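*Asks:* Here's a sequence, model it:
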Amino acid sequence: MNKETGPLPFDKERVPRHIAFVMDGNGRWAKKRGLPRTAGHSAGSESFHKAAEILAELGVRHMTVYAFSTENWKRPLEEVSAIMGLLEKYLRRSIRELVENNIQLDFWGDLSPLSPKLRKLIDQTDELSKQCTGMQVHVCLNYGGRDEILRAARALAQDCLDGKLKPENIGEGELEGRMYCKNVPPPDLLVRPGGEMRISNFLLWECAYSEFYFTDTLWPDFGREEIYKAITEFQKRNRRYGGLSR
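*Replies:* So this is what the prediction gives:
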C-alpha cells in the first residue's frame, strides 16, 4: 500500500533491481512554457531527485541516469554551463541528504574535463557515499557507451603488453572488469521519456538484454505515476535471454 496513491498497480516483489533513465525532454518542456532551456534542466534535476526517492522507496537497488554525454559539449556554452551549475547545486544538496536517505551516489564517465571545484565536490560525495548501504545511483557524466568500451579495450591491450594477461584468456568478465559498470548488475529496464526511440550511445554493453520503455512524457513531468507505468509494463514482458518462452 502506498500512502499517496493506494494499492501499488504492480507486483512489488518483482520490481526491477536496476532501472536506467535517459533524462530527455528538458529543453522541449521549457520551450512549451516560453522559458529558457536552462529552466527545463532545473526542472529536470528536481525530477531526478524525486525519482531517486521513489525508486529507493520501492526497493530498486540501482538507478543509472544519463546526465551529460560526451556529445553534449556541442551544445551552446550557456546551456553547458547551466547544466554544470545545476550539478554542483545538486551535489551540495546531496552532501547534506545522502546519509539521511542512505543512498549511494557515484559517477561514470571521464571527469577530467570538469572544473576543479566540481571534481572536488564529486570526491566528497564519493567519500560520503561509502557510509551508505541503500540504493546506488550511478550518474553518467561526460559519458558515452562507445567510449566506455573503448577505454576498457585499451586497458586490456595494455595489460596484455605488460604481460599481465594473455589474449586467449580474455572473456566478457575481463572486459567488464575494466568498465565503469563493474560489480553492478545490468539494467533490467531502460526508460526513455521525451518521445525519442533510441538509446543514444547510453550503456551499450550493459543494455544487451534490458527491456526498453519509451514514453512521450517529458522528463520534468516524469513522476510517480510514470514510474509506476514503466514498472507495470516491465512486469508484462517475458524475458527469455535468447531462450524459449516459459
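*Asks:* Need the residues that contact stretch 61-81.
*Replies:* For stretch 61-81, the external contacting residues (Cβ atoms under 8 Å, 6 or more residues apart in numbering) are 17-23, 37-38, 41, 48, 51-52, 55, 83, 87, 108-110, 113, 135-144, 147, 184-185, 187, 200-203. Heads up, the C-betas are built off the backbone N, CA and C, glycines and all.
*Asks:* and the end-to-end length of that stretch?
*Replies:* End-to-end distance for stretch 61-81, by Cα to Cα, to the nearest Å: 31 Å.
*Asks:* List the buried residues in it.
*Replies:* 61-70, 72, 75, 79 (16 or more other Cβ atoms under 10 Å).
*Asks:* try stretch 41-55
*Replies:* Buried, per 16+ other Cβ under 10 Å, within stretch 41-55: 41, 42, 43, 44, 45, 47, 48, 51, 52, 54, 55.
*Asks:* and the third one, that's in a strand?
*Replies:* No. Under DSSP: H, G, I helix; E, B strand; the rest coil, residue 43 falls outside any strand and is assigned helix.
*Asks:* show me what contacts it?
*Replies:* Counting by Cβ under 8 Å, 6+ apart, residue 43 makes contact with 26, 29, 30, 220.
*Asks:* Lowest-scoring secondary structure element of the protein by mean pLDDT?
*Replies:* Least confident helix or strand, the chain: helix 77-101 with a mean of 84, by mean pLDDT, DSSP states H and E.
*Asks:* Any idea how far it is from the middle of the chain?
*Replies:* In terms of Cα atoms, centre = their mean, to the nearest Å, the centre of helix 77-101 is found 15 Å from the chain centre.
*Asks:* next helix or strand past it?
*Replies:* strand 104-108 (DSSP states H and E).
*Asks:* Please name the strands paired to that following strand in the sheet, noting orientation.
*Replies:* Take DSSP bridges as the rule and strand 104-108 pairs in its sheet with strand 136-143 (parallel).
*Asks:* in the chain, which spans are strands?
*Replies:* 18-22, 62-69, 104-108, 136-143, 189-192, 211-214 (DSSP state E).
*Asks:* For residue 160, which of these is the nearest?
*Replies:* Residue 160 lies closest, by Cβ to Cβ, to one member of the strands of the chain: strand 104-108, at 24.4 Å.
*Asks:* Pull out the buried positions in that closest one.
*Replies:* Residues 104, 105, 107, 108 are the ones in strand 104-108 that count as buried (16+ other Cβ under 10 Å).
*Asks:* Touching, residue 159 and residue 165? I think so.
*Replies:* Yes. Applying Cβ atoms under 8 Å, one finds residue 159 in contact with residue 165, separated by 4.4 Å.
*Asks:* So what does the residue lying farthest from the centre of the chain have for phi and psi?
*Replies:* Of all residues in the chain, residue 163 sits farthest from the chain's C-alpha centroid, using Cα atoms, centre = their mean; the distance is 34.9 Å. As for residue 163, its main-chain torsions (degrees, to the nearest 10) stand at phi 80, psi 10.
*Asks:* ok, now how distant is it from residue 154?
*Replies:* Separation of residue 163 from residue 154 (Cβ to Cβ, to the nearest Å): 16 Å.
*Asks:* mind checking how far stretch 216-228 is from the chain centre?
*Replies:* Relative to the centre of its chain, stretch 216-228 is centred 15 Å away, using Cα atoms, centre = their mean.
*Asks:* Quick check: end-to-end length of that stretch?
*Replies:* Using Cα to Cα, one end of stretch 216-228 lies 15 Å from the other.
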